[in-house]
Each structure stands twice: as C-alpha cells, then as structure tokens.
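**Q** here you go, sequence then predicted model.
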Amino acid sequence: MKWASQGGFQGDHMPGNIYNHNNGGSGGGGGGGIPLTRVERLLRERELRKFNRTFHLSDDGNDNGNPDLSQQELNEGEVRDAASAAAALRVFGEGSETEDGRPLKQRLLVVANRLPVSAVRKGEDTWSLEISAGGLVSALLVLPGVKEFEAKWIGWAGVNVPDEIGQKALSKALAEKRCIPVFLDEEIVHQYYNGYCNNILWPLFHYLGLPQEDRLATTRSFQSQFDAYKRANKMFADVVIKHYEEGDVVWCHDYHLMFLPKCLKEHDASIKVGWFLHTPFPSSEIHRTLPSRSDLLRSVLAADLVGFHTYDYARHFVSACTRILGLEGTPEGVEDQGKLTRVAAFPIGIDSGRFIRALEVPQVQEHIRVLKERFAGRKVMLGVDRLDMIKGIPQKILAFEKFLEENAKWHDKVVLLQIAVPTRTDVPEYQKLTSQVHEIVGRINGRFGTLTAVPIHHLDRSLDFHALCALYAITDIALVTSLRDGMNLVSYEFVACQASKKGVLILSEFAGAAQSLGAGALLVNPWNITEVAQSIAYALDMPPDEREKRHQHNYEHVTRHTAQDWAETFVSELNDTVVEAQLRTRATPPGLPIDRAVERYLQSKNRLLILGFNATLTEVLDSPGRRGGDQIKEMDLKLHPELKEPLTILCEDTKTTVVVLSGSERNTLDYNFGDYNMWLAAENGMFLRVTQGEWMTTMPEHLNMDWVDSVKHVFEYFTERTPRAHFENRETSLVWNYKYADVEFGRLQARDLLQHLWTGPISNAAVDVVQGSRSVEVRSVGVTKGAAIDRILGEIVHSKGMVTPIDYVLCIGHFLGKDEDIYTFFEPDLLDPAGSAKAKLAEASKTSTDRKLAPRPSTGKGAPKSSHSRTNSRNTMPANLDRRAPVPNQASSSMSSARRSPQDSITWHEGSSVLDLKGENYFSCSVGRKQTKARYLLNSSDDVVTFLRQLASASSVRHA
Ligand SMILES: O=P(O)(O)OC[C@H]1O[C@H](O[C@H]2O[C@H](CO)[C@@H](O)[C@H](O)[C@H]2O)[C@H](O)[C@@H](O)[C@@H]1O
Ligand SMILES: O=c1ccn([C@@H]2O[C@H](COP(=O)(O)OP(=O)(O)O)[C@@H](O)[C@H]2O)c(=O)[nH]1
C-alpha cells in the first residue's frame, strides 16, 4: 500500500471513497480499518475529501471543483474530471481504477421529478434542451463537477412524448447530458404533478392548508390523485431499477417522490437510498390533516437517510413519525422495530464560485454597465422568484407600496425590479396569482409612476444566468418575502454577487435561508407589511460600515457552505448510514432457531422455561394507521388468548418447569396465570409462588425501602401534571408510566422528573433508576431479574425435590436492559467453576443458613400490601444436591414449610450441579429488543405464540 500517513490515515484500503467496494467482510467499508463511531468515520471521510480537493488543486493548478455548467457544458466537465481524478486515485492504490485504467468513482443516481433540462420538440426526432428553472436544479447542477461521483440524473423532461420515435430521440439527446427520462403521459402529469404534488402536497408543506376536495370532480379526488402519485413513483422506480448497478447510491429528491424509497427497497433492500426534501416539512399538526399521512411517512422511512434543509424541518418530520405512526424518535432518527432511518439536516448551498467568476465575464460586465446606466440615480431593489404563492410576491409589492406612501422623499429615487418566473401554469391557483400580481403592480405604478418612470418593473419571464448575475451585482437591496420557503437560493446568489456593492438582504424569517443568513440579513415577517416597509426604509439608509459587516457575515457563509459540500456530505452520510446499519445488524443476534429449540427441548430430561409477561405473552395491540401515541388501548396486561392452550400443555409436562417472571405485581400474575400449573415470580422476582401455593418473598435482606414515600410524592406530582400518565405503586418499586400520554410532553416531563429525583429525594438513596422507553422506574439497588433468579431457582429445586439437573433452559422476555442480567446468568460459559454462576452456587452452599422465604397469604386477584421482609439472598440458592434429601413441595401456605431452618439447607454433590447446561441447550431470547444480551431474537409476542405452540404440539405428539 502506497498510502500510509497522509491526513492521518493508515491501513491497506483505498482512502478515496471507502464505500466504493463491496468487500462484504468489512461492511462495504474497504478493509479492516472502519472506525467504530459514526462521527469518527464521517470526520475521516471529510478529511479524505479535503485531501482530494487539495490534490486536484496542486495537480493541475486549477480548482476543477466548480466548473461552469452552462447548458453546453453539462457534459464537458466529465473529461476534465476523469483526467485529474484518475491521477489522484492512482495514488490511492489498487482497486481505485477500472481495468482500462479509468478511475473508479461512486455511481450516483439522482432522481428528481424534473430533469435539469426541459425538452422542446423541434421535429419528429429532433429536440432542443433548455436548462430548467428552480432551486433544486440550480443546486444539483453542481453534481457533475463533484469528483467523488459519477452522477446520472433520472427525471421527467417536462413534456409529453407519446410516440416511440420521439422517445428514442429524446433519450438519446438526454444521454449526452447524462440524463435519463421518465416518460409520464398527460393524464398522469395532470393527476400526479399538477394535482397531488402541486395542489395538495406543495401548499400543505408550505402551511397553506389542503384545498377543499371537489366532490363533483371524481377524477380529481384526493384518492385518485394519490393513486396517480403512487403510479408515477412506481414509474420512476422502474427506470431507476433498470439503470441501477450494485453499489450505486440512489438519491431521491423532494415531495414528488415520497413513495420512491419504499418502491426501491421493496425491489432490493440492499440499494442505498437517500431522500432529501427541498421544501419545509411542516409541523406534525399540519401533516396530520393529510389523508395519506401515514402511507407517505412510512414510505419515506424506507430510505436509509432522510435529509432536510433545517433542523426544524427534521424535527417536525421525526415528531410526525412519533405522533402519527407511534414510532420511536431518537436523536439519530426514527426507529421502527430496530430499523433506524437516519434523519438529519443538510442545509443546501450554491456553487458560489460560479457566480463570482461570472461577474468577470465580459458579457456580464456589459450587462452591468447597461443596467447601471439605465437606473442611474435610483436605488435598485430586486425580487427574483418563481411566480408562486409561497414567495409572498403580493405581500412584497404591498409593503413596497406602503414604503412609498410613507417615504415621499424616495419616490423617484428607488425602483423595484421583480422577476416573476412563470411556474406550474396549469394549476388554477397559479393562474389566479398571476392576475392578482398584475393587478396590484398596475395599481401601484398608476399611483406612483410618472410619465418617465414607474416604481415597479415586473417581468413575467426568466432571465439567463449572465443577465441574472448582472442584476444581482447592481442591486442595492434584495427583497425576499417568502411566506414559507424550503431554503431560497436567490438570497445566496445575491450575496455571492455583492462582493463590491455590499447591498442589504431583507429576508423572510420563514425561509430556510433565515437560519444561515439571519446574522447578516434584516429578518422580517412578510405578513407584517408595516415591518417590511420599515425595513426597506432602514436598509436604504443603512450606514456603510453596518452594510459591510452584515454582508461579510453572509458572504462567508455562502462561499463556505457550497452546493458541492452539501452533496458530498449527504452522500457521505448516506454511505455511512449503510455501514452503520451493517454494524448494527452484526451486533444484532439472530432469530431464534425454532426447530433446534424444539428438538433440544424434546431430547432433554429436565427443562426450565422462564417467560416474561409484558410484550412477551401479551397481545400485540398497536394497529397500523392509528395514532400510536395517544390511543388508549388496553390498560391492564392480559395473556394472549392463543397462548392458553400451549401454556397448559407445557405446564402439565412433568419434565418441564414454567416460570413467569415479570415486573408486574402479584395480583396481575394471579389474575392471568392462577389456573396454570406453574411458578409465578412477581415484581422482578421479589415475590414467588407456585400456583398451588402461597406467595413468599425472595427479597434480599437489608433491602432499604426508606425512599418510597418521597419518590411516591414526586410521581404523584408529575402524574397530576401529565395528562394520561399513571403510576404503579408496586411493593418493591415505583413506576411512572407515560405510554398513553403525549409522547413529546411525556418525555419532557420524564426528563424533569428524573432531574428532580436525582437532585432531590433519592440523591443519596441506594436505588436504581431504570428508564424504559415510556417509563421511569425506581427500585432498590439489587432488584433485578438476574439477581433474583438464583433465589427463585433454589426455591424451585427445593420445592420440586428435583434430583435431575436442569439440562435445558429457555429464557424469553422483553426485559429492560437492567434485567437482562438474567440472560447472562445462565450462559454456560459463566457456569464454569471459575465463572460467576457456578462460583456463586458453591459460595452459597458454604454459607447456606438462615433461609427466609416468608410466605404471603394468597389473595386471588388482589395481593395484600405487606411489609417488606428481609431475607438473605445468598442463602436461598442450593449448591450441591447429594447432601440433602429431596425436599417435598414447600411452597405451601404454612410458614414453617417456607421458612427453612439452616438444617434444611441444600447442598450438592461435589462436581455435580443443579444446572447441567450445555451451550446448545440454552436458548435466551429477547422479544423486540435488538440491542440485547440474549443469544436470539423474536420480533414480537406473536412470534412467541407461534413458537410456544410449536413447542407444545411437538411435546404432546411425543407424549401421545
Ligand atoms: O419544478 P417546478 O415545479 O417548476 O418547481 C421548481 C422547484 O421548486 C422547489 O424548489 C425548492 O428547492 C430549492 C433548493 O433546495 C429551495 O431553495 C426552495 O426553497 C424550494 O422551494 C421544489 O422543491 C423543486 O422540486 C422544484 O423543482
Ligand atoms: O430567471 C430566473 C430566475 C431564477 N432562476 C433560478 O431559480 C432558482 C430559484 O431557487 P430558490 O431556491 O430561490 O426557489 P425555488 O424556485 O426553487 O422555490 C435560483 O437558483 C435562481 O438562480 C433562474 O434560473 N432563472
């Protein structure tokens, strides 16, 4: 390997793009050296990119990273790129080139509704291509210049091409621009693009609400438009799949393609899929109103990485997933059954170099000269927007009118140039807006114009790139008054062209750009016309040093956070998300091998089945489509009805001992399991009874419960203040539960509650605070299922008079992390004399005195509230069987039978153990928790049902 210490990287893999190679063993990460944490990996990638750029610069003396991409140049950059990238990648070693010596770049399929070029038909098989307008196209035009990728663009060419000749000719013309067309017919464009995208999603995502559904127009119902939307997304997916090659990254763009991630992943789960939204994502309260709200969220969640312009949009999306789908929102993203979809903010930028360089072009200089002359003696204010209701064009013009009303001194000295690029002209709302704007402009020009000059120059057309740059350069004040705007690149472009003039940017606080350019811009609420008018006056009179300072802030941002950076960062994070998922999968245990577990069960002589209750033996109650967070389903835990039969069979098998070990109170277990022949261990094993016997306590001696009252006090306080939260006053622990409360409020309250507990009542108490996903539990130190199991086991062995060692253990549960010590307790490796469990048993045999298992009167459905008896945990576990006679069933209601005297203590044969457990006969299994110490996984209690039924039926066949 030639690369050793450049930029601090070592190892024998290609440092170029570590994700380019599918070398399985390292999770696609290029050899053994993938750093384990995400941030470490991303930092390394960033360094690599920096190095690449430096290398390119020093290699040929030019910064090729920002090629001017005019229409003709769309494909020229490739040749230049290939040469310099090849040289760079050669340094990186083997695997960085194809066989014919060309550099290996990551293939990137960019999928967006609109191609960067729109097609105009000139003849049966001739087409001309024009660059499309809009921020998405502007931003993504940089992609061919990003050396890391070999980008191809898949999208609609903006035109209906019904005939094969036309389609072939257009595909060929587009191929030269590295574009691949998706052919959508007129009807689908009408329903999908004009209808669902631009009449439903667009206004909704910009807080303009849903349109009234036209009940008479059945062909334009929400449902028919949504169906067309899905069909169109499927058509995009088909084209992607046709051109996809293994290892490609597929980057889906915008609200038009929210169904695409799902279509792609359903076709092939290994495709790396990213989705980026260019518009705002609204508050979940807005998204909730959309009839297809859940379908859309779920299909976006199929992507590996979901990106937004701002943290606010990302936060809204996560909150929509938690509130509408009932999923878990984490700082990393959204988690659904262990699958994480990463959600993050990736603020877009522009190719600032392209604008800065353009100002030097003679053609632009000439434009600048003409414009300066034309508007000499007047301050120029500029608006550049697509003619869209979100841009707040009427509001802008009305604010300008108000400014003129209140500032007569500026009447002949200021002009507003408004470029209004026609867009979505087939949608009636856009047609109405055009007339409305024309009307207002006419009125104001009539009111304030003179024979020689008008205050507003309004253009219903787009400008070419050079004309636009010139306009930006001569402007004194740019006026961006979007009512909502994903980012707004016009504000960036203006700043990039203002190095000499240092004009003022008045920017709506509702544009994503307000978050990045807020420090330098004058932020306004576009709905407040008075405020905007005052800002215009302030900007016109702003002292030069303030203008300069403000400009400098923004200029630095715009030139540092470029579109290239944005694209590289997104793709790099997408690659990394896939690596992360692979690492997670590797850390996830395999599914329970049901056949093997059944086979071993049948072969063994003395089996122990330990079963959790909540979410293990209870019914799955979440139903898709319902609001997860706030529907009260079932408050009381109930045994899954389909488990009754298999449980009965298993409990009646004389070679099998079944224990239900739960955090629940005794009365809950009595109620659900009282009729079975099994053992019940309530409150994390602190209470124990065989169903024919009475409750006894296995609580360790010296269990301090002094903290209870003060914690209860705090829990009561928070329960009163958190609608639909409740608290369980158990005998050995207190649980504050907010699973039915508003998720976000519940979480905030839980945080507050915890802070209060830690700094107040329990700061010095010997308690453990256990956080569940929607609960906070306080227990005395040492109250865990794993700690209780040795005492439970001791009692069972005594009571049953077991003489045959246990040779099969199945331990299944949806246990909290704290209680997962039960899985490790039985690990055969740990049963080694030097290991913990067996060593504990031996230790217990030496000090086996003073066993106190205090019986509790059984109360049927309601267990008594009793004082907490103290027992010595170490003494309840027998160690050697041979020195004791089999103990008759002791779990009777009599005090004497349960409270064993020292001479009752159980001892064991030297070398023989109560557990004769081999690795292949131990099945620990977590239900629905992928981060677990268990050996195996089952997804839900439905899988537990399937498994236990199989176990029971195999065992009854064997006995028949
Ligand atoms: O293709 P059209 O329907 O004519 O619309 C043009 C584009 O408008 C939207 O642009 C957004 O993307 C910009 C870049 O991220 C962002 O700055 C701006 O705030 C957004 O409005 C739309 O999202 C694109 O899909 C359209 O192509
Ligand atoms: O005549 C014009 C006016 C504007 N634009 C471009 O359209 C984009 C508008 O992007 P923005 O993010 O401001 O809003 P969008 O239209 O995407 O909502 C910018 O890159 C402008 O340079 C253009 O190509 N021709």
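**A** Perfect, I can see it now. Ligands and ions are numbered 1, 2, ... in the order given.
**Q** please make it C-alpha for all contacts and neighbour counts, starting now.
**A** Noted.
**Q** what distance do you get for Phe815 to ligand 1?
**A** Going from Phe815 to ligand 1 by Cα to the nearest ligand atom, to the nearest Å gives 44 Å.
**Q** would you mind measuring from that residue to Thr452?
**A** 81 Å (Cα to Cα, to the nearest Å).
**Q** mind showing which ranges of the protein have poor pLDDT?
**A** Residue ranges of the chain with pLDDT under 70: 1-36, 52-104, 144-147, 215-220, 621-635, 829-912, 958-960.
**Q** point me to the residue sitting closest to the centre of it.
**A** Centroid check for the chain by Cα atoms, centre = their mean gives Gly333 as the closest residue, at 2.5 Å.
**Q** so what sits opposite it in the bridge?
**A** Thr330, Arg342 (DSSP bridges).
**Q** residue contacts, it?
**A** Taking Cα atoms under 8 Å, 6 or more residues apart in numbering, we find Gly333 in contact with 318, 340-344.
**Q** and those residues, which of them are buried?
**A** By neighbour count, with 16 or more other Cα atoms under 10 Å, these hold 318, 340-344 as buried.
**Q** let's have these in JSON lines, adding distance to Asp268.
**A** Formatted as JSON lines, the buried ones among the contacts of Gly333 follow (distance: Cα to Cα, whole Å):
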{"residue": "Val318", "distance to Asp268": "25"}
{"residue": "Leu340", "distance to Asp268": "17"}
{"residue": "Thr341", "distance to Asp268": "17"}
{"residue": "Arg342", "distance to Asp268": "19"}
{"residue": "Val343", "distance to Asp268": "21"}
{"residue": "Ala344", "distance to Asp268": "24"}
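**Q** for the residues you listed, which one is nearest ligand 2?
**A** Distance to ligand 2 across the buried ones among the contacts of Gly333 (Cα to the nearest ligand atom) is lowest for Ala344, with 19.5 Å.
**Q** quick one: the closest one is in a helix?
**A** No. Counting by DSSP: H, G, I helix; E, B strand; the rest coil, Ala344 is not found in a helix; it is strand.
**Q** you'd agree it is up against Tyr311?
**A** Yes. If you go by Cα atoms under 8 Å, Ala344 and Tyr311 touch, sitting 7.1 Å apart.
**Q** Arg369 is in what secondary structure piece?
**A** helix 362-374 (DSSP states H and E).
**Q** an error on my part: the question was meant for Trp527.
**A** Per DSSP H and E, there is no helix or strand for Trp527.
**Q** what's the distance between Ala537 and ligand 2?
**A** Using Cα to the nearest ligand atom, Ala537 is found at 24 Å from ligand 2.
**Q** repeat for Leu602
**A** 66 Å.
**Q** residues contacting Asp254?
**A** 112-113, 275-279.
**Q** near Arg231, how many other residues are there?
**A** Arg231: 15 surrounding residues under other Cα atoms under 10 Å.
**Q** how about the residues of the protein by ligand 1?
**A** Contacts of the chain with ligand 1, taken as Cα under 6 Å from any ligand atom, map to 114, 134-136, 254, 278-279, 423-424, 485-489.
**Q** same thing but 8 Å
**A** Residues of the chain that fall close to ligand 1, judged by Cα under 8 Å from any ligand atom: 112-114, 132-139, 198, 253-256, 277-280, 309, 348, 386, 423-424, 484-490, 511-513.
**Q** in helices only, show me those residues.
**A** 135-139, 489-490, 513 (DSSP state H).
**Q** can you count the residues close to the residue in the stretch 801-950 of the chain that ligand 2 sits nearest to?
**A** Minimum separation of the stretch 801-950 of the chain from ligand 2 (Cα to the nearest ligand atom) falls at Lys930, amounting to 41.3 Å. Neighbourhood size, Lys930 [other Cα under 10 Å]: 21.
**Q** could you do Arg369 as well?
**A** Arg369 has 13 nearby residues by other Cα under 10 Å.
**Q** then Glu360?
**A** There are 10 residues near Glu360, going by other Cα under 10 Å.
**Q** do you know how far it is from ligand 1?
**A** Here the criterion is Cα to the nearest ligand atom. By it, Glu360 lies 25 Å from ligand 1.
**Q** likewise for Leu680?
**A** Separation of Leu680 from ligand 1 (Cα to the nearest ligand atom): 59 Å.
**Q** contacting residues for that residue?
**A** 659-661, 669, 673, 687-691 are the contacts of Leu680 under Cα under 8 Å, 6+ apart.
**Q** chain center to the longest helix seen in the chain: distance?
**A** Taking DSSP H as the criterion, the chain has its longest helix at helix 563-587. Chain-centre distance of helix 563-587: 13 Å, with Cα atoms, centre = their mean, to the nearest Å.
**Q** what packs against it?
**A** Packing partners of helix 563-587 (3 or more Cα pairs under 8 Å, 6 or more residues apart in numbering; DSSP states H and E): helix 38-60, helix 135-140, strand 272-276, strand 305-308.
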